[in-house]
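Chemist: with the input below, show me the fold.
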Amino acid sequence: MLEGVPEEVLAAEGIARSDASASNSAANRSFYKSRVPIYPKLVHGDFRRLKWIVMAVTLAIYYLTPWIRWDRGPFAPGQAVLVDLAHERFYFFFIEIWPQEVYYITGL
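Modeler: Sure thing, here's the model as predicted:
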């Protein structure tokens, strides 16, 4: 028996009972706040309109650029903007960029 510990507090002979409780029990749930629903807000204004215009223009450039043609002569691709991974070249209208010239682009 443990000295100074009453008989009813012992869990088994020589072992004291702990008074621990679950942190998520119904009695302790007051620590948590109930969930508040979040609703999206409709936004109007000049900056929102500008954002949509810029997005429409950039998406139009992104989707229409592959169909622009550029004559580079015989045995050269006819696409204006092309990343040619097989031959390790990048064509941008009248410019042909090789891998060793990427430093010039980063400098610009």
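
Chemist: spatially nearest residue to residue 69 (excluding sequence neighbours)?
Modeler: Leaving aside its sequence neighbours, residue 69 sits nearest to residue 78 (C-beta to C-beta, 6 or more residues apart in numbering; 5.2 Å). For the C-beta atoms, the positions are set from N, CA and C on the backbone; glycine is no exception.

Chemist: what pLDDT does the model give residue 82?
Modeler: On the pLDDT scale, residue 82 is placed at 86.

Chemist: SS state for the residue nearest to it when sequence neighbours are not counted?
Modeler: Computed as C-beta to C-beta, 6+ apart, the closest residue to residue 82 that is not its neighbour in sequence is residue 91, at 4.4 Å. Secondary structure, DSSP: H, G, I helix; E, B strand; the rest coil: residue 91 is strand.

Chemist: helices of the chain, start to end?
Modeler: Taking DSSP state H to define them, one finds helices in the chain at 46-64, 102-107.
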